[in-house]
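Trainee: no FASTA, just this:
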């Protein structure tokens, strides 16, 4: 990663509704198909529950609900992206995940003010690759436990 | 030479030796005249010195050496054992411990030991340790080593004098960069043997040959040569820094010998009384050594990975059992049953392997109690019962701090000062009894003191002033409920805050830790007589038995340890009391908790006329958990929900069922208020 600094950033691209989002590959453990989720009572609505990920109990977050979008039915394309960040391991439910892209770091711009205000918080920046616009997620904010704390 | 492969063994063994020294020093304080104890300490200290010198930890070796000198003086009755002397020795042991820990953590084991070494030297010279003046020059190194002579050697020296020989004590110091110390020693010895005869050396010849010394040693020789010639001859051996030849004063040795003998007979008289006791002790240590030979050291990480692998196996076992039930194939069923039995045995063995005697936690308490009692000016006798009781390592790791807290509490708040105790007609010395024992699937640890007990009024006043309870409620509480109050957060009954228990953490932390381990803590107390804090702990935390239940389409696990029994209740039998549904269960009114409401379970099917109820308890309180159906009893592997979902209400963890799905484990303690 160090030798790539200032040149390119390798990211996993996934879809939510009509937008494309990106997470650096280093933070992604694996991409899974949706399996049986056990609901955990007393948690915020975006926490769908926990799954058995090869013997490890892993919480699952529905990113659509997290970002205030309407829930979608699970389809053939629906994926769970398992991410590891700061000792936390969780899975994100996304509409589809099928791309790995190298983003030149100089093409990353800060989040534009016009983007929907509720989302700005979770965004590190946007990258324009050709006609595509990739939104880089700030995992720390997405995983911020504020809502979890409030639910207790 | 690469020592890293021995480092782990060195650290383990050093810790063991330090522990022995600690224990024996405490023993010595009780029986200052007992030479066998001093010998025991000496042996441990000596091994420690040898090991650390070999491993190249010089500070460690130096300090141990100095301590050894003091112990030697005690052994030879040159100095009397006093608490002040022991304080310094204990400090030395503390420093040694700090050094070993530093080595264990990858440090170099260096530590400033000059002050303690200085004090030890003073003791050795028969002065009071407190008189440590920084200005006082370290005594000339020649006095560092002194030879002591027994009766036999004295006779030899006496005879040789009559035959015209002169006795010399020769102090030899090798250069610090000397590489082949043993070779130089050998050359010195050979030189001396050409001109006379070697009577004795300190350290003994075998140790010198094995290079178990720093740079200096002393030999006693008889020779017809004069002082100067001897000096010149020895200096011919290369790599020798210093040689001091002193003629021996035989009369002085004779005097010392007589004194020592007199002291010895005194001790003998005293020890006769305790001989019987000693014999018993010896017998028990002998038994321990026999048992010790049959154990091997295994890295804890290996045991952990064995446990993890076995957990996977337990999950697969559950799955196999389920498949074989569904297929209903007799041969498959038989094989699976056999496998289940064997893996059950295996599970017992693996769990037993991870069992550690509570001794590993208890053995640091005597030191702590001694220090604490001295700091507070109280007299406390700590009795430890059942130190051999075994607990899972996961529990052992967590239980240390709560116990320290409760012991501090017992000594600080429980045991009174000697004059108060005398006024009350109690013996001056208070007793704190630490007792561990097995019962069923649990381990109990009790901390009992014969101190002041808990003052109900004082606790109530405090609780009301802190706003923990209201005045109206206070009058209705039973004694037990009042005692429970001291576990509330923000509570401290000491009139003044001492640095002992008033460290900002209250007993609520103790209660929380123990409950998070799946245990409970209760108090019994009689004012003026004493208190008992009783802790109940599960044997293991990794595999537990549960009752699987179904609520609508969801499966939950209820730990068997909380369940009293299950019951089917007719809907008409439900009673109402203050908006709370209750049932009459064997003459007791038990509140009903509808889990599907508490857990907001999505409803798919209607309930029938009968309710399935699991009666659970927390301490003396009971509750009925209403579920849809019972699935059955199962051994499950406890898994955490991870770092993201922490503190989910009434859920203590999760487990993976035979079909690969996750089931949540219900925390009954959180459900019963």
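Mentor: Structure's in. What do you need? All values reported here derive from a predicted model rather than from experimental measurement.
Trainee: could you look up the SS state of the closest residue to chain B within chain A?
Mentor: Across chain A, the shortest distance to chain B (C-beta to the nearest C-beta) belongs to residue A:41, at 3.7 Å. No exception for glycine: its C-beta is placed from N, CA and C like everyone else's. Under the three-state scheme (DSSP: H, G, I helix; E, B strand; the rest coil), residue A:41 adopts coil.
Trainee: look up the closest residue to it, ignoring the ones flanking it.
Mentor: residue B:599 (3.7 Å; C-beta to C-beta, 6 or more residues apart in numbering or on different chains).
Trainee: ok, now which ones touch that neighbour?
Mentor: Contacts for residue B:599 were tallied using C-beta atoms under 8 Å, 6 or more residues apart in numbering or on different chains; they are A:41-42, B:551, B:554, B:556, B:650.
Trainee: so which of those wins on neighbours?
Mentor: Among the contacts of residue B:599, the one with the most neighbours (other C-beta atoms under 10 Å in any protein chain shown) is residue B:556, at 24 neighbours.
Trainee: tell me the residues of chain A that contact chain B?
Mentor: With the criterion set to C-beta under 8 Å from any C-beta of the partner chain, chain A comes near chain B through A:36, A:38-43, A:47, A:49-52, A:55-59, A:87-90, A:143, A:145, A:148, A:152.
Trainee: filter the residues you listed down to the buried ones.
Mentor: A:38-43, A:47, A:49-52, A:57-59, A:88-90, A:143, A:148 (16 or more other C-beta atoms under 10 Å in any protein chain shown).
Trainee: what residue in the stretch 301-450 of chain B comes nearest to chain A?
Mentor: Closest point on the stretch 301-450 of chain B to chain A, by C-beta to the nearest C-beta, is residue B:312, at 6.1 Å.
Trainee: quick one: strands adjacent to the host helix or strand of residue B:522?
Mentor: Per DSSP states H and E: residue B:522 is located in strand B:520-526. Strand B:520-526 sits in its sheet next to strand B:530-538 (antiparallel), going by DSSP bridges.
Trainee: please compute how far the strand it pairs with lies from its chain's middle.
Mentor: Here the centre of strand B:530-538 is set off from its chain's centre by 19 Å, with C-alpha atoms, centre = their mean, to the nearest Å.
Trainee: can you add pLDDT and give the contacts of residue B:599 back as TSV?
Mentor: As requested, those are exported to TSV (pLDDT from 0 to 100):
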residue	pLDDT
A:41	91
A:42	87
B:551	90
B:554	90
B:556	94
B:650	86
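Trainee: between these, which is closest to residue B:44?
Mentor: Nearest to residue B:44 among the contacts of residue B:599 is residue B:650, at 50.9 Å by C-beta to C-beta.
Trainee: please, where are all the strands along the stretch 301-450 of chain B?
Mentor: B:355-357, B:380-385, B:390-392, B:430-439, B:442-449 (DSSP state E, counting those that start in this stretch).
Trainee: residue B:566 and residue B:420, how far apart?
Mentor: Remark: distance between residue B:566 and residue B:420 (C-beta to C-beta, to the nearest Å) = 53 Å.
Trainee: of those two, who's got more company?
Mentor: Each of residue B:566 and residue B:420 has its neighbours counted (other C-beta under 10 Å); residue B:566 has more, 17 against 14.
Trainee: setting aside sequence neighbours, what's the nearest residue to residue B:410?
Mentor: That would be residue B:449: by C-beta to C-beta, 6+ apart, it lies 4.2 Å from residue B:410.
Trainee: please name the bridge partners of the one you found.
Mentor: Beta-bridge partners for residue B:449, by DSSP bridges, are residue B:432, residue B:531.
Trainee: where does it land on pLDDT?
Mentor: In this model, residue B:449 is scored at 89, pLDDT.
Trainee: poorly predicted segments of the stretch 451-600 of chain B, please.
Mentor: Low-confidence segments of the stretch 451-600 of chain B (pLDDT under 70): B:489-490, B:492-506, B:540-541.
Trainee: show me the contacts for the most centrally placed residue in chain A.
Mentor: In chain A, the residue lying closest to the centroid (C-alpha atoms, centre = their mean) is residue A:92, at 5.7 Å. Counting by C-beta under 8 Å, 6+ apart, residue A:92 touches A:14, A:60-63, A:80-81, A:83.
Trainee: quick one: it is in a helix?
Mentor: No. Per three-state DSSP, residue A:92 lies outside any helix segment and is strand.
Trainee: show me what it bridges to in the sheet.
Mentor: Under DSSP bridges, the beta-bridge partners of residue A:92 are residue A:61, residue A:81.
Trainee: how close does it get to residue A:121?
Mentor: Per C-beta to C-beta, residue A:92 is found 16 Å from residue A:121.
Trainee: show the subsequent helix or strand relative to whichever strand or helix holds residue B:84.
Mentor: Residue B:84 belongs to helix B:83-104 when assigned by DSSP H and E. Remark: after helix B:83-104, the chain's next helix or strand is helix B:114-124, criterion DSSP H and E.
Trainee: report the mean confidence score over that next one.
Mentor: Per-residue pLDDT over helix B:114-124 has a mean of 78.
Trainee: just how off-centre is the following helix or strand past that helix within its chain?
Mentor: Downstream of helix B:114-124, the first helix or strand assigned by DSSP H and E is helix B:151-162. Helix B:151-162 sits 50 Å away from the centroid of its parent chain (C-alpha atoms, centre = their mean).
Trainee: OK, contacts around residue B:152?
Mentor: Contact analysis of residue B:152 by C-beta under 8 Å, 6+ apart lists nothing.
Trainee: now it: how far from chain A?
Mentor: Per C-beta to the nearest C-beta, to the nearest Å, residue B:152 is found 69 Å from chain A.
Trainee: could you do residue B:92 as well?
Mentor: Residue B:92 sits at a distance of 41 Å from chain A (criterion: C-beta to the nearest C-beta).
Trainee: tell me the pLDDT at that residue?
Mentor: You'll see residue B:92 listed with a pLDDT of 83.
Trainee: hmm, back to that, do I have it right that the residue of chain A closest to chain B meets residue B:597?
Mentor: No. Look at residue A:41 against residue B:597 with C-beta atoms under 8 Å: they stay out of range, at 10.3 Å.
Trainee: can you give me the helices in the stretch 401-550 of chain B?
Mentor: Here the stretch 401-550 of chain B has its helices, by DSSP state H, counting those that start in this stretch, at B:418-423, B:456-465, B:471-476, B:479-484, B:507-516.
Trainee: nearest to residue B:395, out of these?
Mentor: Residue B:395 sits nearest to helix B:507-516 of all the helices of the stretch 401-550 of chain B, at 10.1 Å, using C-beta to C-beta.
Trainee: contacts for that closest one, please.
Mentor: The list of residues contacting helix B:507-516 from outside it, by C-beta under 8 Å, 6+ apart, reads B:398-399, B:401-402, B:405-406, B:409, B:486-491, B:520-521, B:535, B:537, B:669.
Trainee: how does it look with 7 Å?
Mentor: B:398, B:401-402, B:405-406, B:409, B:486-489, B:520-521, B:535, B:669 (C-beta atoms under 7 Å, 6 or more residues apart in numbering or on different chains).
Trainee: got the end-to-end distance for stretch B:101-108?
Mentor: 10 Å (C-alpha to C-alpha, to the nearest Å).
Trainee: just the contacts of helix B:507-516 now: which is nearest residue B:246?
Mentor: Comparing these against residue B:246 with C-beta to C-beta places residue B:401 closest, at 55.8 Å.
Trainee: that closest one: how many residues sit nearby?
Mentor: 14.
Trainee: with residue A:137 instead?
Mentor: Residue A:137 has 24 neighbours, counted by other C-beta under 10 Å.
Trainee: for residue A:104, same thing?
Mentor: For residue A:104, using other C-beta under 10 Å, the count is 12.
Trainee: over to the one 4 residues further on?
Mentor: Taking other C-beta under 10 Å as the neighbour definition, residue A:108 ends up with a count of 16.
Trainee: next: residue B:381.
Mentor: Close neighbours of residue B:381, defined as other C-beta under 10 Å, add up to 15.
Trainee: swap in residue B:418?
Mentor: 16.
Trainee: so for the nearest residue in space to residue A:107 that is not next to it in sequence, what's the pLDDT?
Mentor: Distances taken as C-beta to C-beta, 6+ apart put residue A:127 closest to residue A:107, at 5.1 Å, once the chain neighbours are dropped. At residue A:127, the pLDDT value in this model is 87.
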